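[1] The sequence and its predicted three-dimensional model are supplied below.
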Amino acid sequence: MGYYKIAEADSIKPGEKKSFPLRSRMILLVNVGGTYYALDNRCPHMGGALSGGDLEGATLSCPRHGARFDVRTGKNVGDAKLAFIHVKVGDAKVFPVKVEGQDVLVELD
Ligand code: FES
């Protein structure tokens, strides 16, 4: 438990995202309007890599079945779709983020 450096503060511009390995996890770091948010890169539905999804504002879509998440909270804001079936999906796991100087730090549990 504690904060760990994940990236340099200017390495991800507003509207961009990138995944990083951090202590045996893949963490997706997202910059929304200059504020960083960190999520588990694994979609809570079937493990799709959220880093491959589309980011619109603070909403990230899973590339596998389209579930959507608010990256600020991890809250699910749109169902997955498998063929014509809508499937409820849980929330994405998020992690606290802080910036110290040029370092972006993520707290892992
Ligand atoms: S794996 Fe993400 S919506 Fe299915």
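    Yep, that arrived. Numbering: from 1, shown residues only.

[2] which SSE is the spatially most central residue of the chain in?
    To find the centre residue of the chain, average its C-alpha atoms and take the closest one (C-alpha atoms, centre = their mean): that gives Leu39, at 3.4 Å. Taking DSSP states H and E as the definition, Leu39 sits inside strand 35-40.

[3] helices or strands up against that strand?
    Counting contacts by 3 or more C-beta pairs under 8 Å, 6 or more residues apart in numbering; DSSP states H and E, strand 35-40 is packed against strand 25-32, strand 94-95, strand 97-100. Glycine gets a C-beta too; all of them are placed from N, C-alpha and C.

[4] Can stretch 58-73 be said to contact the ligand?
    Yes - Stretch 58-73 is in contact with the ligand by C-beta under 6 Å from any ligand atom, via 62, 64-65, 67.

[5] got the residues of this protein near the ligand?
    By the rule C-beta under 6 Å from any ligand atom, the part of the chain lying against the ligand is 43, 45-48, 62, 64-65, 67, 80, 89.

[6] among those, which ones are buried?
    Among those, those scoring as buried are 43, 45, 48, 62, 64-65, 67, 80, 89 (criterion: 16 or more other C-beta atoms under 10 Å).

[7] Next, format these as JSON lines and append pLDDT, secondary structure and distance to Pro21.
    As requested, those are arranged in JSON lines below (pLDDT from 0 to 100; DSSP: H, G, I helix; E, B strand; the rest coil; distance: C-beta to C-beta, whole Å):
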{"residue": "Cys43", "pLDDT": "98", "secondary structure": "coil", "distance to Pro21": "17"}
{"residue": "His45", "pLDDT": "97", "secondary structure": "coil", "distance to Pro21": "22"}
{"residue": "Gly48", "pLDDT": "98", "secondary structure": "coil", "distance to Pro21": "18"}
{"residue": "Cys62", "pLDDT": "98", "secondary structure": "coil", "distance to Pro21": "20"}
{"residue": "Arg64", "pLDDT": "97", "secondary structure": "coil", "distance to Pro21": "21"}
{"residue": "His65", "pLDDT": "97", "secondary structure": "coil", "distance to Pro21": "25"}
{"residue": "Ala67", "pLDDT": "98", "secondary structure": "coil", "distance to Pro21": "23"}
{"residue": "Ala80", "pLDDT": "97", "secondary structure": "strand", "distance to Pro21": "26"}
{"residue": "Val89", "pLDDT": "97", "secondary structure": "coil", "distance to Pro21": "24"}
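
[8] Sweet, I'm off.
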